[in-house]
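> Structure for this input, please:
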Amino acid sequence: MGDGTGTSTTSQDVRTGDATAGPLRTAVVYNPVRVEGLDERRRVVEEALAAAGWPAPRWIETTEDDPGAGQARQAVADGAQVVFACGGDGTVRSCIEGLAGGPGALAVLPAGTGNLLATNLGLPDDPAAGVRVVVERGRRRIDVGYVDGQAFAVMAGIGFDAALLDDASTQLKARFGPAAYVVSALKHLRRHRIDVRIELDDRPPMRRRVRSVVVGNVGRLQGGVLLLADAEPDNGQMEVAVLAPRTLGDWAGTAWGVARRRKHVPHLETFRASHVRVVATEPHRRQLDGDVIERGRVLEVSISPAALDLCVPQPERSEDLSEGSERL
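Numbering: from 1, shown residues only. As a prediction, this is how the structure comes out:
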């Protein structure tokens, strides 16, 4: 099992394509509202592809009614072999929903505040470096989770985590960046705990009074906080974090234990399962990869193993790409 940092991949994780294969057809699904400097980003992407001898991509806008799933699915139907998701976590999640289980590969061009999938899997922020990842043809088949028919690849949650995400408005994130999540979290530290029944695979149900239950395909939260150090996105299972601090002092102890990567963290239980069902006594806010979805009493997670082909840096290139992004 890896160290859970999500900042690198091993040679066993990454599949390398045929170096002699020809150029691939690509498309960029982008959120016109969330992507700043779109013209410059477009120029960089097209120049990087042209330098590799690849054709220019097709650029497709998301809409309020379809934030990316339909566009990604149609792009593959029209011949694209790689779909770039250019936007925030919502755009990436929607593209995953459109591509999971199909022949197209996903590449990520981060352009949001959280950038959860990119942060967890060491994907570069710089668009030119992102194109190089695709051209290098490193691929990793990762699992995809589903809640109420909606896909996610990072985390699902009910309770505190969904509440803080819901209250971290676009305006707040524009003003404070990732610190907006901290500002929002402070509002909810004293909220009442919720009573839940947790069912993991075929094990006996557990009853807990919690602040939040988080089901993770990878380990890092907003702000780079490593909550689930043992999470692996391609093992056919997910890690489950049960957070149950009662007081501000308990929260401090939990935060300190997580930050120090202690083996036993106060007021935090972790489990692993391939099917997770959390049932609360009343409806609560829920989230998928940072997107707040409809309130509900139940958070039921099923897993589709190795459902998504993700473009990732090859191991020998990861450090070079990271350093290049820092210089740019």
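> C-alpha from now on. contacts and neighbour counts both.
OK.
> Residue 274: neighbour count?
For residue 274, the tally of surrounding residues (other CA atoms under 10 Å) stands at 18.
> Now do the same for the nearest residue to it once chain neighbours are set aside: its pLDDT.
Closest residue to residue 274 apart from its sequence neighbours, by CA to CA, 6 or more residues apart in numbering: residue 237 at 4.4 Å. Listed pLDDT for residue 237 reads 98.
> State the distance from residue 237 to residue 153.
Between residue 237 and residue 153 the computed distance is 12 Å (CA to CA, to the nearest Å).
> repeat for residue 272
In terms of CA to CA, residue 272 sits 16 Å off from residue 153.
> At which residues are the helices of the protein located?
38-51, 69-77, 89-99, 116-121, 127-136, 160-167, 170-176, 179-188, 248-259, 315-327 (DSSP state H).
> Now do the longest one against helix 127-136: the angle between them, please.
Between helix 38-51 and helix 127-136, the angle comes out at 30 degrees (axes from the mean of the first three to the mean of the last three CA atoms, to 10 degrees).
> ok so, going back, counting neighbours, what do you get for the residue nearest to residue 274?
Residues near residue 237, counting by other CA under 10 Å, number 24.
> contacting residues around stretch 229-243?
Applying CA atoms under 8 Å, 6 or more residues apart in numbering, the contact partners of stretch 229-243 are 1-5, 141-143, 153, 210-219, 227-228, 261, 267-275, 303-306.
> ok now the longest strand belonging to the chain, how far from the chain's centre?
Looking only at the chain and at elements set by DSSP state E, the strand with the highest residue count is strand 291-311. Distance, stretch centre to chain centre, for strand 291-311: 11 Å (CA atoms, centre = their mean, to the nearest Å).
> List the strands paired with it, with their directions.
Here strand 291-311 is paired, per DSSP bridges, with strand 105-110 (parallel), strand 138-147 (antiparallel), strand 275-288 (antiparallel).
> Output it as PDB, restricted to C-alpha atoms.
The C-alpha coordinates for strand 291-311 follow below in PDB (Å, rounded to 0.1, in the frame of the first residue of the first chain):
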ATOM      1  CA  ASP A 291     -20.200  19.300  -5.300                       C
ATOM      2  CA  VAL A 292     -23.100  19.600  -2.800                       C
ATOM      3  CA  ILE A 293     -25.900  17.400  -3.900                       C
ATOM      4  CA  GLU A 294     -29.500  17.000  -2.700                       C
ATOM      5  CA  ARG A 295     -30.000  16.600   1.000                       C
ATOM      6  CA  GLY A 296     -30.800  13.000   2.100                       C
ATOM      7  CA  ARG A 297     -30.900  10.600   4.900                       C
ATOM      8  CA  VAL A 298     -28.900   8.000   3.000                       C
ATOM      9  CA  LEU A 299     -25.400   8.100   1.500                       C
ATOM     10  CA  GLU A 300     -24.900   4.800  -0.300                       C
ATOM     11  CA  VAL A 301     -21.700   4.300  -2.200                       C
ATOM     12  CA  SER A 302     -21.100   1.600  -4.800                       C
ATOM     13  CA  ILE A 303     -17.800   1.200  -6.700                       C
ATOM     14  CA  SER A 304     -17.000   0.500 -10.300                       C
ATOM     15  CA  PRO A 305     -13.400  -0.800 -10.300                       C
ATOM     16  CA  ALA A 306     -10.900   0.400 -12.900                       C
ATOM     17  CA  ALA A 307     -13.700   2.300 -14.600                       C
ATOM     18  CA  LEU A 308     -11.700   5.400 -15.700                       C
ATOM     19  CA  ASP A 309      -8.600   5.700 -17.800                       C
ATOM     20  CA  LEU A 310      -6.800   8.800 -16.300                       C
ATOM     21  CA  CYS A 311      -3.800  10.500 -17.900                       C
END
